[in-house]
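In: Let's see this in three dimensions:
(2 chains)
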Amino acid sequence: MIDLLRRIGLWGRGMVVAIPYLWLLLFFLVPFLIVFGISLSEAMLAQPPYAPLIDWLVDEDAGTTKLQILLNLSNYLRLGGDDLYILAYLNSVKIALVTTVCCLLLGYPMAYAIARAEPSRRGPLMMLVILPFWTSFLIRIYAWIGILKANGVVDNLLQWTGLTTEPFELLYSDWAVYIGMTYCYLPFMVLPLYATLEKLDPTLLEAAADLGCRPWKAFLTVTLPLSLPGIIAGSLLVFIPSVGEFVTPELLGGPDTLMIGRVLWNEFFANRDWPVASAVAIALLLFLVVPIMVFQHVQGRQTEAGR
Amino acid sequence: MAVQPIRKPTRLEPWQDPGQKPYVRIEKVTKTFGDFVAVDEVSLSIYRGEFFALLGGSGSGKTTLLRMLAGFETPTEGKIFIDGVDMAGIPPYERPVNMMFQSYALFPHMSVEQNVAFGLKQDGVPKAEIKERVGAILDLVQLGQFGKRKPHQLSGGQRQRVALARSLVKRPKLLLLDEPLGALDKRLRERTQFELVNIQEKLGVTFIVVTHDQEEAMTMSSRIAVMNHGVIAQTGTPTEIYEYPQSRFVAEFIGSVNMFEGRVVEDQADHVLIRSEDAGCDLYINHAVAVPAGATVGVAVRPEKIALSKEPPANADGRNVTSGIVREIAYLGDVSIYLVELKTGKTVRVTAPNVVRRTEMPITWDDEVHLSWRPFAGVVLTQ
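Out: Prediction:
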């Protein structure tokens, strides 16, 4: 047995690589193909709620057996025909973009300050960034409800300082979604940014200053371009899960906060229309992940050339 | 030994001329990091057009001093004047100084041309002029065809020349070089030493170079300041530092040296006589020292200034002549190093050129030999 594995290169080093590959194959590629299959089938009231793609039709009268493969493309056509899906998609991209920009604007100074702190302080500071992960994500979102709701912390503070007299509610609005999502995804931005900024050679900034470059300009011409890989990695880490985000907009967003994750949920559980829901998921993947993969591929080539 | 570019004797020596104003004046500068005193009340004057070396081991404060000149560190006490202007409070980007970094600090995301043009762009130099000046300086460092490359596509020597070009292109009055040749191999280093001296003479820039390599300092500089524990041990021309070290530290740091302990028995205007138990003879030196008779002093004699012979020297008067047994011989090709154990137990190092072939050399292991040196060979060290 071992001999056989060895012969086909599946032993030792091959084995180490093969196990995670097998895992991904079983739990990501196979389910993906199943979802893809469902997206091409027809919805029906049954268990499971869709028609099988492949069927053996046995006609006893004619004495024939037919293999029938039905590919239903109408689910995809429906996505293009209904404004709801396009709007939800665009809105998701918008919310994800705003979240990414907010995370970048907040996360960059944080990562920069931590990377420039004394080496002995960097560890504890990074620990503080990761600390929220020790608490359940749901609990943290519920905490935000308490902060943002009418008569919540923000409202009380504003009324106490006299900035508003009317009750002020941030909850159930796009603003609440932005705040909640920026809060959730901030560490994913800070971590890769810190990693690149920490590696940045401080003598490069000294060299820039020595050549007559003011600190602010040195940041723009040296620090920023050299931290670009960190910015891209952090932005992708925030943007990709943000687009499909479901929990935060569901809990903090208003009824008109339309996001593709919610639409998906509705199709699956409220409408029990698995084929359309699958089509939404596949379309999301195609319109989002494929461009990002292409972008990353090009980026990877560029950094390879620039190294 | 490799051929060294020796400075022409016709060179001006501005530090000898009381009418000259120093270009860089360092006045009682002290720098402390917490409890650690990196630079301790250092005063120095460096003149226009000099190639000045700060020489010392690691932790001697030489780099800290250089960084204070560039403006990356602020002196805890004391003042620095460049061209008569007090540098206190002037940030690095407003100083008339450029620095070549030990790590070269080339911007990895910029091409060679962009790296070199960076400083000119900051000054708002017109594009056409930038192009021309960058081209000219890259030709000077023989990197004309490499302008479009990124730093990672260059060899160590090429990177070093890019760093030099980048620091020279702004035509600074003062160029600071931090271990400029540290990362290069020996052959490349010797070639670059010539290049640096040539460029410096061509452009007339004042160079201050930090190095731990005494050979590098001796080769390139007009004057050397030897630093030790944040203090300047001695300042002088390479010859002065080598031939007339003022302290034991300097004598031992620059080249190798034999140290004899002794007591002054005769101190005249034109000579001094020292009785040394160490050497096993009286040491006669043809310069006076300002110490009372009977004082204990050290005498430094360079290994190449001692002559070895199997027969006692003809004009021996018992002074500067001793004898011992050859314990070790190291053959280096051009010279051989002999370690001779004196009767007193002290081991003396002697270098002698290999005039004849190795196999025909008259002196070998365990031979009894006589050591002698001329009155000018020894230097009395009181510190």
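In: Flag the shaky bits of the chain, pLDDT-wise.
Out: Assuming you mean chain A. Low-confidence regions of chain A, defined by pLDDT under 70, span residues A:1, A:9-10, A:301-307.
In: Please refer instead to chain B.
Out: Applying pLDDT under 70 to chain B flags the ranges B:1-12, B:183, B:316, B:383.
In: any chance you could map the strands in the stretch 251-383 of chain B?
Out: B:258-267, B:272-276, B:281-285, B:296-301, B:307-309, B:321-331, B:335-342, B:347-353, B:368-372, B:378-381 (DSSP state E, counting those that start in this stretch).
In: same check, this time on the stretch 151-300 of chain A
Out: Taking DSSP E, counting those that start in this stretch to define them, one finds no strands in the stretch 151-300 of chain A.
In: Show me which residues of it are close to chain B?
Out: A:201, A:203-204, A:206-214, A:217, A:221-222, A:225-226 (C-beta under 8 Å from any C-beta of the partner chain). For glycine as for every other residue, the C-beta is placed from the backbone atoms N, C-alpha and C.
In: for chain A, what are the nearby residues on the stretch 1-150 of chain B?
Out: So the stretch 1-150 of chain B meets chain A at B:70-72, B:91-94, B:97-99, B:101, B:103, B:105-109, B:118-119, B:122-123, B:150 (C-beta under 8 Å from any C-beta).
In: mind running it again at 6 Å?
Out: Contact residues, the stretch 1-150 of chain B versus chain A (C-beta under 6 Å from any C-beta of the partner chain): B:70, B:72, B:92-93, B:98-99, B:101, B:103, B:105, B:109, B:118-119, B:122-123.
In: Which of those residues fall in strands?
Out: Filtering the residues of the stretch 1-150 of chain B next to chain A for membership in strands, criterion DSSP state E, returns B:Asn98, B:Met99.
In: Narrow the residues of the stretch 1-150 of chain B next to chain A to those that are buried.
Out: With burial judged by 16 or more other C-beta atoms under 10 Å in any protein chain shown, the buried subset of the residues of the stretch 1-150 of chain B next to chain A is B:Ala70, B:Phe72, B:Pro92, B:Tyr93, B:Asn98, B:Met99, B:Phe101, B:Ala105, B:His109, B:Phe118, B:Gly119, B:Gln122.
In: Thought B:Met99 was touching the first one, still the case?
Out: Yes - counting by C-beta atoms under 6 Å, B:Ala70 sits close enough to B:Met99 to count as a contact (4.7 Å).
In: got any residues that touch both of those two?
Out: Common neighbours of B:Ala70 and B:Met99, using C-beta atoms under 6 Å, 6 or more residues apart in numbering or on different chains, are A:Asp210, B:Leu176.
In: if you look at the residues of the stretch 151-300 of chain A next to chain B, which of them are in helices?
Out: Secondary structure from DSSP state H places A:Thr203, A:Leu204, A:Glu206, A:Ala207, A:Ala208, A:Ala209, A:Asp210, A:Lys217, A:Pro225, A:Leu226 of these in helices.
In: Now do the SS call for the residue sitting furthest away from the middle of chain A.
Out: What lies farthest from the middle of chain A is A:Asp61; by C-alpha atoms, centre = their mean that is 54.2 Å. Classification of A:Asp61 using DSSP: H, G, I helix; E, B strand; the rest coil returns coil.
In: Point me to the helix or strand that includes the nearest residue to B:Val231 once chain neighbours are set aside.
Out: Of all residues not flanking B:Val231 in the chain, B:Asp40 sits nearest, at 5.1 Å (C-beta to C-beta, 6 or more residues apart in numbering or on different chains). Using DSSP states H and E, B:Asp40 maps to strand B:36-46.
In: elements contacting that strand?
Out: Counting contacts by 3 or more C-beta pairs under 6 Å, 6 or more residues apart in numbering or on different chains; DSSP states H and E, strand B:36-46 packs against strand B:24-33, helix B:62-70.
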